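Visitor: Model the following, please.
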Amino acid sequence: MKKGILALLCIVMAGMVLSGCAARTASGTTATAAPVMTNSPMATTNAPANGATVSPEMSPDMNNGAAMGAQTGTTAGTMNNGTNMAGNTAMTPAQADRLAEKISDAVERISEIDDAEVVIDSDRRVLVAVEFEDQYQAGLDDRMKQMIVQTVQKVDDGLTDIEITDDDTLYGQVKGLGERLANATGLDELADDFGDLWDRITGR
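Guide: Numbers count the residues shown, from 1 in each chain. As a prediction, this is how the structure comes out:
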């Protein structure tokens, strides 16, 4: 009888132990299932990448880029206008007269030259008439011509059409044309006379 009661108690205790283990296993399973909730923070973290918060941050940069492009276009236009203005070779009589004076002063610093008269037309052609020092006897040879051309271009390297004479008559005519240039209202007033002198000096 006692053995039967002990056996029943053992069966009951074993059942209780087993049910406790089952409960622990179930609770453990629940605990391991709980991390599924971690998907929620991930979704929250990913939201900005899919949301509208990124594109508004990008749009100012894009707008700035467009604005910069517009500014670049404006600058380019200004540069083009500057280039066009710089490329305009027409000069006023006052500008031509000042440039002629600078060239005349520079040419007269050549030791063999006593005096120089210079006149410039609207096409930036340069006529140079010179008188030499008495002791200089070589005249207007190639070496002297080269020296005068280089001197003119040191004053303004954009001057490429340069004609030189040491003829006394032409010297007086270049001087007279230069005096008229100082009082002219436009270089076109001297165009015909300048052209005639140019042709005579070049032998055309």
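Visitor: low-scoring stretches of the protein, by residue?
Guide: 1-10, 12-89, 204 (pLDDT under 70).
Visitor: where exactly do the helices run in it?
Guide: In the chain, the segments counted as helices under DSSP state H are 2-33, 39-50, 54-87, 93-108, 142-155, 168-181, 191-202.
Visitor: Only the buried residues of the last one, if you could.
Guide: The neighbour-count criterion (16 or more other C-beta atoms under 10 Å) identifies 194, 197-198, 200-201 as the buried residues of helix 191-202. Every C-beta, even on glycine, is put in place using the N, C-alpha and C of the backbone.
Visitor: for stretch 122-139, same thing?
Guide: 122, 124-130, 132.
Visitor: now those residues in JSON lines, with distance to Val174?
Guide: Formatted as JSON lines, the buried residues of stretch 122-139 follow (distance: C-beta to C-beta, whole Å):
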{"residue": "Ser122", "distance to Val174": "17"}
{"residue": "Arg124", "distance to Val174": "16"}
{"residue": "Arg125", "distance to Val174": "12"}
{"residue": "Val126", "distance to Val174": "10"}
{"residue": "Leu127", "distance to Val174": "5"}
{"residue": "Val128", "distance to Val174": "8"}
{"residue": "Ala129", "distance to Val174": "4"}
{"residue": "Val130", "distance to Val174": "10"}
{"residue": "Phe132", "distance to Val174": "15"}
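Visitor: So which of these are in strands?
Guide: Members of the buried residues of stretch 122-139 lying in strands (criterion: DSSP state E): 126-130, 132.
Visitor: Distance to Thr165 added to the residues you listed, as a markdown table?
Guide: Shown next, in a markdown table, are these (distance: C-beta to C-beta, whole Å):
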| residue | distance to Thr165 |
| --- | --- |
| Val126 | 12 |
| Leu127 | 8 |
| Val128 | 7 |
| Ala129 | 5 |
| Val130 | 8 |
| Phe132 | 12 |
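Visitor: Which one of the residues you listed is nearest to Ala138?
Guide: Nearest to Ala138 among those: Phe132, at 8.4 Å, using C-beta to C-beta.
Visitor: Tell me if I'm right that the closest one and Gly139 touch.
Guide: Yes: the pair formed by Phe132 and Gly139 meets the contact definition of C-beta atoms under 8 Å, at 7.3 Å.
Visitor: Between the two, which contacts overlap?
Guide: Asp166 (C-beta atoms under 8 Å, 6 or more residues apart in numbering).
Visitor: Give the closest residue to Phe194 in space, chain neighbours not counted.
Guide: Nearest residue to Phe194, sequence neighbours excluded (C-beta to C-beta, 6 or more residues apart in numbering): Asp121, at 4.6 Å.
Visitor: The one you found - how many residues pack around it?
Guide: 22 (other C-beta atoms under 10 Å).
Visitor: Just list the residues touching the nearest residue to Ile162 once chain neighbours are set aside, thanks.
Guide: Nearest residue to Ile162 in three dimensions, chain neighbours excluded: Val126, at 4.6 Å (C-beta to C-beta, 6+ apart). Residues in contact with Val126, defined by C-beta under 8 Å, 6+ apart, are 103, 118-120, 152, 159, 161-163.
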